[in-house]
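Asks: could you work out the structure for the sequence below:
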Amino acid sequence: MPTARWNGAVIAESDDTVVVEGNHYFPPESVNGALLEASASHTRCPWKGEASYKSIVVGGKRNPDAVWFYPDPLPAAAEIRGRFAFWKGVSVE
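Replies: Numbering: from 1, shown residues only. I've put the predicted structure just below:
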């Protein structure tokens, strides 16, 4: 089962991920929201649309903008709407 971990904590775990460009996008109900905090960061992908970000906080350590998601993706990326992906040292195995 794909699992996202950072700083010794499980951030997300699900058999229902969608893989796009090598990244696992986890459904929102599989993510431990208590470990995430809002971010004002946004980026734009030409085919997926505007990504929003969250930071991870575990054990007093913060990993800024290590989580991204597409709340309203372009039609070509509709399957990842509202799902969460990880980077910046988050291991997904």
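
Asks: residue 80 and residue 87, how far apart?
Replies: 15 Å (Cβ to Cβ, to the nearest Å). For glycine as for every other residue, the C-beta is placed from the backbone atoms N, C-alpha and C.

Asks: which one's more surrounded, those two?
Replies: residue 80 (20 against 13; other Cβ atoms under 10 Å).

Asks: quick check: that one vs residue 9, distance?
Replies: 23 Å.

Asks: now do the strands in this protein.
Replies: Taking DSSP state E, the strands of the chain run over residues 3-6, 9-13, 18-20, 23-25, 36-45, 49-58, 61-69, 84-86, 91-92.

Asks: among the ones you listed, which is nearest residue 76?
Replies: Closest of the strands of the chain to residue 76 is strand 49-58, at 8.8 Å (criterion: Cβ to Cβ).

Asks: any buried residues in that closest one, and which?
Replies: Within strand 49-58, the residues that count as buried by 16 or more other Cβ atoms under 10 Å are 49, 51-58.

Asks: show residues contacting that strand.
Replies: Contacts to strand 49-58, defined as Cβ atoms under 8 Å, 6 or more residues apart in numbering, come from residues 6-9, 11, 35-39, 41-45, 62-74, 77, 84, 90.

Asks: list only buried entries from those residues.
Replies: For the contacts of strand 49-58, buried by 16+ other Cβ under 10 Å: 6-7, 11, 35-36, 63, 65-70, 73, 77, 84, 90.

Asks: now, which of the residues you listed sits nearest residue 23?
Replies: residue 68 (8.8 Å).

Asks: excluding chain neighbours, what is closest to the closest one?
Replies: Sequence neighbours aside, residue 51 is the residue nearest to residue 68 in space, at 4.6 Å (criterion: Cβ to Cβ, 6 or more residues apart in numbering).
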